[in-house]
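In: with the sequence up front, the predicted model follows.
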Amino acid sequence: MQITFLGLGIMGGPMARNLAKAGHQVTGWNRTPGKDIPGVKIADTPREAAANAEVVWLCVSDTNAVEQVLFGKNGVHDAVRPGMVIVDSSTISPSASQRFAQKVQAKGARFVDAPITGSKVGAENGQLIFMVGGEEGTVAHLQPLFSAMGKSVVRVGEQGKGLAAKIGMNLIIALTYEGFAEALTLTNSLGVDPKILLNLINQSMVRSGVIDYKAPFVLARDFTPNFPLRLMLKDMHLMLDAAKEQNVQLPGLKTVVDIYNETKADGHENLDYAATLLTLEHRAKAAPSSTATVKNRGYESA
């Protein structure tokens, strides 16, 4: 297929590369010039990239970025024609995505929301999971492309429902990791070796995929961004906005957002979201103790 891929960052770059490796003709575009993806021809604008495309795939940072890429100056909308399929793997507002879809569909094209989970490693290895909102026939038509980039495709329902599922998934990830980070901070202050705690976690019902993935990075004090904190914080605001639209209360999430805001203020917004641990540790060290000091074990704070 003739594919346009817009957004060649942490996730989009490997996705575009895997499409090219699968034999598709891929033209890419990135907001920041200088991206060099093997097998991908680079265009100067989204409009130019989409000119001859059968499928236009987006993976950009936020709702505003999607709107600009689609409808801004030299945007995709100028190149949209009947029969074209536009797929958005960005994590954005479900209600905004539905508005974008209506504008695209008015020109005879089809629109699918297909946000992803699997982080940087999944993108690089073609092991992403797609949560898809769109017509069944269109999703089936896209299956060869999904297969080139991922291991699983779940059609959640009509357009917008993939994004609804994605922000729910990220809510679970954020709360689960924060529980792990708080447990590490507390038990370390009480003298428990983090490696021993992790061994216990792995033998119990507490074990989770989130902890399995994050623990090696955390124990190595490696906060290189697999998923930057600023983007997870953006997703949290999407969750809160969607909850407000639906009159749903998310008290646990609101508390975690406070931690993220503090971590951002500490200058860690471009680190992995696991860096909230640094803020928790800083708080623990700064707080006066009314008991004898317990020596921390296992690792020292960066």
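Out: On my side now, so go ahead.
In: where along the stretch 101-250 of the chain do the helices fall?
Out: For the stretch 101-250 of the chain, the helices defined by DSSP state H, counting those that start in this stretch cover 119-124, 136-141, 143-149, 161-189, 194-202, 209-219, 229-246.
In: phi, psi of residue 41?
Out: For residue 41, the backbone dihedrals (degrees, to the nearest 10) come out as phi -80, psi 130.
In: count residues in the vicinity of the residue nearest to residue 184 when sequence neighbours are not counted, would you?
Out: Closest residue in space to residue 184, ignoring its immediate chain neighbours: residue 194 at 5.7 Å, by C-beta to C-beta, 6 or more residues apart in numbering. Where you see a C-beta, it was placed from the backbone N, CA and C, and this is true even at glycine. Residues lying near residue 194 (other C-beta atoms under 10 Å) number 19.
In: pretty sure residue 194 contacts residue 183?
Out: No - Residue 194 lies out of contact with residue 183 (C-beta atoms under 8 Å); the separation is 9.5 Å.
In: tell me the contacts of residue 156?
Out: The neighbours of residue 156, taking C-beta atoms under 8 Å, 6 or more residues apart in numbering as the test, are 131-133, 162, 164-165.
In: same check on residue 55?
Out: Residue 55 neighbours (C-beta under 8 Å, 6+ apart): 1-4, 84-87, 142, 145.
In: again, but for residue 161
Out: Residues near residue 161 by C-beta under 8 Å, 6+ apart: 94, 113, 133.
In: what do you get for residue 159?
Out: Going by C-beta under 8 Å, 6+ apart, residue 159 touches 97-98, 101, 111-113, 133-135.
In: follow-up on the earlier one: any of the contacts of residue 161 buried? List them.
Out: With neighbours counted by 16 or more other C-beta atoms under 10 Å, the contacts of residue 161 contain buried members at 94, 113, 133.
In: the last one touches residue 166, doesn't it?
Out: Read that as residue 133. No - checked against C-beta under 8 Å, the pair residue 133 and residue 166 is beyond contact range at 9.5 Å.
In: tell me the one among the buried ones among the contacts of residue 161 nearest to residue 74.
Out: Nearest to residue 74 out of these is residue 113 (C-beta to C-beta; 23.1 Å).
In: now do the strand ranked longest in the chain against helix 161-189, angle only.
Out: The residue-count maximum for a strand in the chain (DSSP state E) belongs to strand 150-157. Following axes from the mean of the first three to the mean of the last three C-alpha atoms, to 10 degrees, one obtains 120 degrees for the angle between strand 150-157 and helix 161-189.
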